[in-house]
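In: 3D, please:
(one chain, ligands or ions: 2)
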Amino acid sequence: MSIIERPDIQSAVPTLPASAYRDPALFDRERREIFAREWLLYGRSDQLPNPGDFLAATIIGYPVIVVRQPDGSLRGFHNVCRHRAAMLTQETTGGLPGGMIRCPYHSWTYELDGCLNRAPGFGAARGEVEPAAWSLFPIAADEWRGLVFIRIATTGPSLLDWLGPIVPLTAHYPLESQRYFTEKNREVAVDWKVYGENYLECYHCPNMHPGLCEALDISRYTIDPHPEHGLFHLYGPKRDGSATDGLYFYRFPFLMLNFYQWGSSIATLEPLGAGRVRHINWYLFSDISPERAEENSRSAEWSAQIVTEDLDMTMGVQRNLSAGVYERGILSPRQERAVHAFQNMVRAALPGIG
Ligand code: FES
Ligand SMILES: [Fe+2]
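Out: Ligands and ions are numbered 1, 2, ... in the order given. All right, here's what the predicted structure looks like:
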């Protein structure tokens, strides 16, 4: 007996080629042509509440810094001094003394908005240091409902436009009332696309996620691609007696918002190279008092266990994509429609990928 029913063979579509998941030259293209052009989840508003607070990190190979402005808005910069390229700070978070960004190398100082304030020691050449011409290199930075995003490219859609239908579709969900409880970050040998594709089908759920299937009615799990918004809307209704349903959003290239009745699991990927990624996951709850700690931990562990199951499987997938036997597979038109849509987003961003 054939394992694929005949009607499906007609419409099965090919996957991306295995080479797309292991090629360092392609990763370079992804970095410039996808990651640098999209909004990336970067931090949480509670990490920089006051004017002068900053959050610095290296993201997709770019050292950057985001600074809270006196008017409460955020601005982002490359973490590079315009003088001789020093890091403006080596710290990841903190406050800027005197409301200035001071380079620790030769003490050039910048206003919180990035404008050069002082370049000491230039003597007669001082007139050549025109402040506007030596401002910090900007990046885009903004926040939405307590989540901070950056974009390396300074031009492109606003964060709200980029989030698109996520904004109205989550309006009922009390994200602002939830507080950070814990996080679990893991560096794994899995390509960002392998992880994204896995997230975007529940074909594997009955085989691999006993805990998820106990909570959600997987037979009624839906995944709706909205390619025009780079968005996937996923929903799993709860089973009778279960504590929660599951409302999920995946925004290309790799923002994952997982909303439950008990709280939320906010996740993203940081691609580290071809076939390598850091999976970053924060768990937020409305009540983070000590009395609730045990129950919150249980919920976070339940959610993290699903990721563990996915990572265990996808690490094997990645090993095989790198090994050179498997070249290309096919996708189920019924079960992997969203994977196909995701791969088409990759194809659109990287012409010629195959
Ligand atoms: S490199 Fe920053 S002041 Fe010299
Ligand atoms: Fe999964």
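In: interface residues of the chain facing ligand 1?
Out: With the criterion set to Cβ under 6 Å from any ligand atom, the chain comes near ligand 1 through 81, 83-84, 86, 103, 105-108. Bear in mind the C-beta positions are built from the backbone N, C-alpha and C, glycine included.
In: could you redo the last one with a cut-off of 8 Å?
Out: 81-86, 88, 103-108, 119 (Cβ under 8 Å from any ligand atom).
In: The helix or strand containing W282 pairs with which strands, parallel or anti?
Out: Per DSSP states H and E, W282 falls inside strand 276-285. Paired neighbours of strand 276-285 in the sheet (DSSP bridges): strand 179-188 (antiparallel), strand 264-273 (antiparallel).
In: And it, what's buried?
Out: 276-277, 279-285 (16 or more other Cβ atoms under 10 Å).
In: again with stretch 74-85
Out: Neighbour counts over stretch 74-85 (16+ other Cβ under 10 Å) mark 74-82 as buried.
In: Run through the helices of this protein in chain order.
Out: For the chain, helices defined by DSSP state H occupy the ranges 6-11, 24-33, 159-163, 166-169, 192-199, 205-208, 210-215, 293-323, 337-349.
In: Next, format those helices as a markdown table and append distance to R126, mean pLDDT and mean neighbour count.
Out: Compiled in a markdown table, these are given as follows (distance: least, Cβ to Cβ, whole Å; pLDDT from 0 to 100; neighbours: other Cβ atoms under 10 Å):
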| stretch | distance to R126 | mean pLDDT | mean neighbour count |
| --- | --- | --- | --- |
| helix 6-11 | 70 | 60 | 10 |
| helix 24-33 | 37 | 97 | 15 |
| helix 159-163 | 39 | 98 | 18 |
| helix 166-169 | 48 | 98 | 15 |
| helix 192-199 | 47 | 98 | 24 |
| helix 205-208 | 65 | 97 | 14 |
| helix 210-215 | 64 | 95 | 16 |
| helix 293-323 | 55 | 98 | 16 |
| helix 337-349 | 46 | 98 | 19 |
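In: Need these in JSON lines (columns: distance to D53).
Out: Putting the helices of the chain into JSON lines (distance: least, Cβ to Cβ, whole Å) gives the following:
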{"stretch": "helix 6-11", "distance to D53": "53"}
{"stretch": "helix 24-33", "distance to D53": "28"}
{"stretch": "helix 159-163", "distance to D53": "19"}
{"stretch": "helix 166-169", "distance to D53": "26"}
{"stretch": "helix 192-199", "distance to D53": "30"}
{"stretch": "helix 205-208", "distance to D53": "41"}
{"stretch": "helix 210-215", "distance to D53": "37"}
{"stretch": "helix 293-323", "distance to D53": "26"}
{"stretch": "helix 337-349", "distance to D53": "34"}
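In: Tell me the spatial nearest neighbour of the closest residue to ligand 1 within the stretch 151-300 of the chain, not counting adjacent residues.
Out: Nearest residue of the stretch 151-300 of the chain to ligand 1: I152, at 21.0 Å (Cβ to the nearest ligand atom). The shortest distance from I152 to any non-neighbouring residue, by Cβ to Cβ, 6 or more residues apart in numbering, is to A36 (4.0 Å).
In: that older thread, which of the strands paired with strand 276-285 sits most buried?
Out: strand 264-273 (a mean of 21; mean count of other Cβ atoms under 10 Å).
In: what is the mean pLDDT for it?
Out: Here strand 264-273 scores 98 as its mean pLDDT.
In: Same question for stretch 88-96.
Out: For stretch 88-96, mean pLDDT is 96.
In: List the buried residues in that stretch.
Out: Using 16+ other Cβ under 10 Å as the test for burial, stretch 88-96 gives 88-89, 96.
In: before we move on, back to that, can you report how many residues lie near the residue nearest to I152?
Out: Neighbours of A36 under the rule other Cβ atoms under 10 Å: 18.
In: isn't it right up against A153?
Out: Yes: between A36 and A153 there is a contact at 5.6 Å, judged by Cβ atoms under 8 Å.
In: How about the contacts made by P120?
Out: For P120, the contact set (Cβ atoms under 8 Å, 6 or more residues apart in numbering) comprises 106-108.
In: Of the helices of the chain, which is nearest E183?
Out: When the helices of the chain are compared by Cβ to Cβ, helix 293-323 sits nearest E183, at 8.8 Å.
In: For A171, which of the strands paired with strand 276-285 is the nearest?
Out: Evaluated over these, closeness to A171 peaks at strand 264-273, with 14.5 Å, by Cβ to Cβ.
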